[in-house]
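Chemist: Sequence plus the predicted model coming up.
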Amino acid sequence: MGAIRTRKAAVSRRRFLQGSVAVAGLSLLAGCSIQSPQVQAPPRVPLVAMLAGVAAPTPRVEAVQRGLRELGYVEGQNVAFDYRYADGKEERLPELAAEVVALNPQVIVTINSAAIRPAKSATTTIPIVMVADNADPVAVGYIASLAHPGGNVTGLTGLSPAVTQKRLQLLKETVTGVSRVGMLRNPASQDRDVLWSETESAARTLGLELRALDVRTADDLEGAFDLATREQIQAMVVVRDPLVTTNRQRIADLAARHRVPAMYASPEFVAVGGLMTYGSDTLEMYQRTAVYVDKILRGAKPADLPVEQAEHFEFTINLKAANGLGLSIPQSVLLRATEVIH
């Protein structure tokens, strides 16, 4: 009997040990191979921020988007956008630039020259793609040179001393006998000193007397045109900035009322009744920024991307505006226009 109990006890201990090993094995399997797989977060869609000095909507932002679509970028799929508009209040741009930088976008595209300096001041690391269509980017220090920009800013430029002189030359040829020209400008707008000095130089070369007509707010516009009348200003060049661009309809109306022929920097002004414009194809340049954005998103550094100079220039004349001013456009000037609005 004792031997039988001993064998039974041995069998029981053996079964107990086998069961324990089995349970331990299941535990190890549960811990190693039946664990839930880790869920990986989807890759972040690149964020392209747009910093604009003007109000929305603006054809320039649409031109950037159009260029990116042509390169295969679809919003919400492989690119996302953030927009910040200063609504013509240039003093708001530094604050908006700081908000943009806090989002840590892959690229910042500046809409209007006035947005370049605030963006550059807000970050030295996030790539910035600019269109310097109202300031010489080398002269004002945005970049080191056109061929080797250095730093984190690159893009396109459409302004040069030759363009500034061409505007005054066309205005002189259009307004017979003109000798005194006013320059409507916002002296508070950053990086415009070079443009003023270039315009002064061009005026001297052409034998014209140049007078500054300063506006710092929209309320100053009426006074500037009243001053132009008192000073016997015979024609005017209008320097574009967020304040002026936002109030382009009012400026065109004031020029018509005061019968002052004016040369503008972009077709936006002629579209609302301005007389004439000469300058680079602005929308083409903004659409071209998409090429820079694409290269940067693929790993290129702004410092290594040469700044392009505008190749196409537009000279648009609004004959309806000329008739309202009692101005007869010389045939020699009309023949050089790329577009004539009747």
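Modeler: Cool, got the structure. Everything numeric in this text was worked out from a predicted model, so none of it was measured.
Chemist: make it CA atoms for all contacts and neighbour counts henceforth
Modeler: Noted.
Chemist: how about residue 60, what does it touch?
Modeler: Residues near residue 60 by C-alpha atoms under 8 Å, 6 or more residues apart in numbering: 111, 282, 283, 286, 287.
Chemist: what's the offset of the helix or strand that contains it from the middle of its chain?
Modeler: Under the criterion of DSSP states H and E, residue 60 resides in helix 59-70. Relative to the centre of its chain, helix 59-70 is centred 11 Å away, using C-alpha atoms, centre = their mean, to the nearest Å.
Chemist: can you check stretch 101-114 too?
Modeler: Distance, centroid of stretch 101-114 to centroid of chain: 8 Å (C-alpha atoms, centre = their mean).
Chemist: which residue ranges form the helices in the stretch 51-200 of the chain?
Modeler: Secondary structure of the stretch 51-200 of the chain, counting by DSSP state H, counting those that start in this stretch: helices at 59-70, 93-102, 116-122, 161-174, 193-205.
Chemist: among those helices, which is nearest residue 300?
Modeler: Comparing the helices of the stretch 51-200 of the chain by their distance to residue 300 (C-alpha to C-alpha), the top pick is helix 59-70, with 16.4 Å.
Chemist: ok, residue 336 - contacts?
Modeler: Applying C-alpha under 8 Å, 6+ apart, one finds that residue 336 lies in contact with residue 315.
Chemist: Please, which helix or strand holds it?
Modeler: Applying DSSP H and E, one finds residue 336 in no helix or strand.
Chemist: Residue 105: neighbour count?
Modeler: Neighbours of residue 105 under the rule other C-alpha atoms under 10 Å: 18.
Chemist: Next, format the helices of the stretch 51-200 of the chain as TSV and append mean pLDDT.
Modeler: TSV is the format used below for the helices of the stretch 51-200 of the chain (pLDDT from 0 to 100):
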stretch	mean pLDDT
helix 59-70	97
helix 93-102	98
helix 116-122	97
helix 161-174	94
helix 193-205	91
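Chemist: Find the one among those helices with the highest mean neighbour count.
Modeler: Scoring these by mean neighbour count under mean count of other C-alpha atoms under 10 Å gives helix 116-122 as the most buried, with a mean of 21.
Chemist: would you put the C-alpha positions of that helix in PDB?
Modeler: The C-alpha trace of helix 116-122 is given here as PDB (Å, rounded to 0.1, in the frame of the first residue of the first chain):
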ATOM      1  CA  ILE A 116       9.700  89.800 -46.200                       C
ATOM      2  CA  ARG A 117      11.400  91.800 -43.400                       C
ATOM      3  CA  PRO A 118       9.000  90.700 -40.600                       C
ATOM      4  CA  ALA A 119       9.300  87.000 -41.700                       C
ATOM      5  CA  LYS A 120      13.100  87.200 -41.900                       C
ATOM      6  CA  SER A 121      13.200  88.900 -38.400                       C
ATOM      7  CA  ALA A 122      11.000  86.200 -36.900                       C
END
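Chemist: Now do it: which elements does it pack against?
Modeler: Helix 116-122 is packed against helix 93-102, strand 107-111, strand 128-132, with contacts defined by 3 or more C-alpha pairs under 8 Å, 6 or more residues apart in numbering; DSSP states H and E.
Chemist: just for this protein, where's the confidence low?
Modeler: Residue ranges of the chain with pLDDT under 70: 1-43.
Chemist: how about the strands in it?
Modeler: 47-52, 80-85, 107-111, 128-132, 153-157, 180-185, 209-214, 235-238, 262-264, 276-280, 308-309, 313-318, 339-341 (DSSP state E).
Chemist: Format these as TSV; extra columns: distance to residue 66.
Modeler: As requested, these are arranged in TSV below (distance: least, C-alpha to C-alpha, whole Å):
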stretch	distance to residue 66
strand 47-52	14
strand 80-85	13
strand 107-111	14
strand 128-132	16
strand 153-157	17
strand 180-185	31
strand 209-214	36
strand 235-238	29
strand 262-264	25
strand 276-280	19
strand 308-309	19
strand 313-318	21
strand 339-341	23
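Chemist: Turn the ones you listed into JSON lines, including mean neighbour count.
Modeler: Supplementary listing: the strands of the chain in JSON lines, determined by neighbours: other C-alpha atoms under 10 Å:
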{"stretch": "strand 47-52", "mean neighbour count": "23"}
{"stretch": "strand 80-85", "mean neighbour count": "17"}
{"stretch": "strand 107-111", "mean neighbour count": "27"}
{"stretch": "strand 128-132", "mean neighbour count": "28"}
{"stretch": "strand 153-157", "mean neighbour count": "27"}
{"stretch": "strand 180-185", "mean neighbour count": "23"}
{"stretch": "strand 209-214", "mean neighbour count": "19"}
{"stretch": "strand 235-238", "mean neighbour count": "24"}
{"stretch": "strand 262-264", "mean neighbour count": "25"}
{"stretch": "strand 276-280", "mean neighbour count": "25"}
{"stretch": "strand 308-309", "mean neighbour count": "18"}
{"stretch": "strand 313-318", "mean neighbour count": "21"}
{"stretch": "strand 339-341", "mean neighbour count": "14"}
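Chemist: Show me the one of these that comes nearest residue 69.
Modeler: Using C-alpha to C-alpha, the nearest of these to residue 69 is strand 80-85, at 12.0 Å.
Chemist: For the closest one, C-alpha coordinates in PDB please.
Modeler: Output of strand 80-85 as PDB, limited to C-alpha atoms (Å, rounded to 0.1, in the frame of the first residue of the first chain):
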ATOM      1  CA  ALA A  80      -1.600  72.100 -45.900                       C
ATOM      2  CA  PHE A  81      -1.800  75.800 -45.900                       C
ATOM      3  CA  ASP A  82      -2.000  78.500 -43.200                       C
ATOM      4  CA  TYR A  83      -2.900  82.100 -44.100                       C
ATOM      5  CA  ARG A  84      -2.200  85.300 -42.100                       C
ATOM      6  CA  TYR A  85      -3.500  88.600 -43.500                       C
END
